[in-house]
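Undergrad: Here's my sequence, what's the structure:
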Amino acid sequence: MSDVATPSARAPGRHSARVTVAVITRNRRRSVLRTLDRLAALPERPQVVVVDNGSVDATVDAVRAHPVGAQVVAVGHNTGALGRNLAVRHATTPYVAFSDDDSWWAPGTLDVAADTLDAYPRLGLLAARTLVGPDVAEDPLNSVLAHSPLPLAADLPGRPVLGFLACAAVVRRRAFLEAGGFHRVLFFGGEETLLAYDLAARGWGVTYVSSVTALHHPDPGGRSGRSAVQRRNALLTVWLRRPVAVALRHTTHLVAAAARGEREAGAALRGALARLPAALRDREPLPDRIEQAARLLDRAPS
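TA: Numbering: from 1, shown residues only. Alright, predicted model coming up:
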C-alpha cells in the first residue's frame, strides 16, 4: 500500500466532514486574520475552531466577523498549548489539523492527510512537511524527521517519529483525546515530544508524511525567551516520562550550563524546578518499547 491515498472529490460549498483546523491565538489579530484568509481559500473548506487565549486587541470580534465562519472559543485568559485541547474537544470531525496564527495548510493537502488517516487506522498523528516564509524554505525539522532512525511499520505510512511541529500536525481526534492532549505542566513551547510519547505509549502511530504540507510564516526575529522555555520543557518532559537516571543526566547537563553563566540555561533551570513537583505528580514512565525508541533517538546525530 502506498504512503498516501489520492485526495477524494468533495462537493463545492460544503465544509469538510473529516477535518477541522484548530487555531490558537493571543493578541495577534492581523496575523490570525491572514491565517483565516488562507484557510477560507482551501478547496477542502475545512471547519475551523479558533481558541482565543485572552486577547485584548479585539481579536475575538474580528475572528467572529471573518467569512471563514470559524467557531470561536474565547477563554478569557492565556491557556497556552492547552487551547488546542479545547479546540479538539469542540471539533466534531474525526481529524483535526493544527494551525498557529502564523501558519496554514497547502491547498489539497488536508484531503491527503484525511485519506492517509482513513487508510491507516493505527495512525494517531501525522507530522507534515513544513515550508517557511515567502521563499517556502524547508524547515530544518523536515530533514530530522525524514531521517528518523526508528524502524518502519507495515501498518503505518511514512517514517515513524517521536516528535513533530505542532503547527504542522494532523491528529486523529480519538487518539488525541485518549492520550490527554498537550500537557498542562509544559504550558507552551516544545510541548510536542511529550504528546508523541503519550500517543505511542497507547499504541498509536506517529509518523512523518512529506506529501502533507504546512506553510509557516513566523514574524522575523522570533519571540524572546522561547529558547529558555523550550529547554525547560525538554527537561520536564524527561522527568515526566523517562527513567530517573536519564532525567538526572539531563538535569546535570542543564545545571552545568547554568553554572557556566548561560543565561537561557539558568532561566530554563529555574522554570523547570518551579514546575518539577507538578511533573513528578504526573510522572508515568514510558513502556519499555517506547523507551527503547526514545533511546535510539537520543543516540541519533542532531
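
Undergrad: Show the backbone phi and psi for residue 97.
TA: Backbone torsions for residue 97, taken as degrees, to the nearest 10, come to phi -100, psi 130.

Undergrad: count of neighbours near it?
TA: 31 (other CB atoms under 10 Å). Backbone N, C-alpha and C define where each C-beta goes, glycine included.

Undergrad: quick one, strands of the stretch 101-250 of the chain?
TA: 103-105, 123-132, 137-138, 159-160, 169-172, 205-216 (DSSP state E, counting those that start in this stretch).

Undergrad: partners of the first one in the sheet?
TA: I take that to be strand 103-105. Strand 103-105 has the following strand partners under DSSP bridges: strand 205-216 (antiparallel).

Undergrad: Mind listing what's buried along the strand it pairs with?
TA: Within strand 205-216, the residues scored as buried using 16 or more other CB atoms under 10 Å are 205, 206, 207, 208, 209, 211, 212, 213, 214, 215, 216.

Undergrad: So, low pLDDT: which residues of the stretch 151-300 of the chain?
TA: Residues of the stretch 151-300 of the chain that meet the criterion pLDDT under 70 lie in 221-225.

Undergrad: all helices for it, in order.
TA: Remark: helices assigned in the stretch 151-300 of the chain by DSSP state H, counting those that start in this stretch are 173-179, 192-201, 226-241, 244-259, 263-281, 288-299.

Undergrad: hey, which of those is tucked in deepest?
TA: helix 192-201 (a mean of 24; mean count of other CB atoms under 10 Å).

Undergrad: Kindly export that helix (C-alpha atoms) in CSV.
TA: This file holds the C-alpha atoms of helix 192-201, laid out as CSV (Å, rounded to 0.1, in the frame of the first residue of the first chain):
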residue,chain,number,x,y,z
GLU,A,192,5.2,18.2,21.1
THR,A,193,7.6,15.4,22.2
LEU,A,194,5.5,14.6,25.3
LEU,A,195,2.4,14.2,23.2
ALA,A,196,4.2,12.0,20.8
TYR,A,197,5.4,9.8,23.7
ASP,A,198,1.9,9.6,25.1
LEU,A,199,0.3,8.6,21.8
ALA,A,200,3.0,6.0,21.2
ALA,A,201,2.6,4.6,24.7
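
Undergrad: Tell me how far that helix lies from the chain's centre.
TA: Centroid displacement of helix 192-201 relative to its chain, using CA atoms, centre = their mean, to the nearest Å, is 10 Å.

Undergrad: Over to stretch 208-215?
TA: The answer for stretch 208-215 is 13 Å, by CA atoms, centre = their mean.

Undergrad: Show residues contacting it.
TA: Contact partners of stretch 208-215, identified using CB atoms under 8 Å, 6 or more residues apart in numbering, comprise 3-4, 38, 99, 103-106, 109-110, 112-113, 116, 126-131, 136, 142, 145-146, 148, 157-159, 161, 164-165, 167-168, 170.
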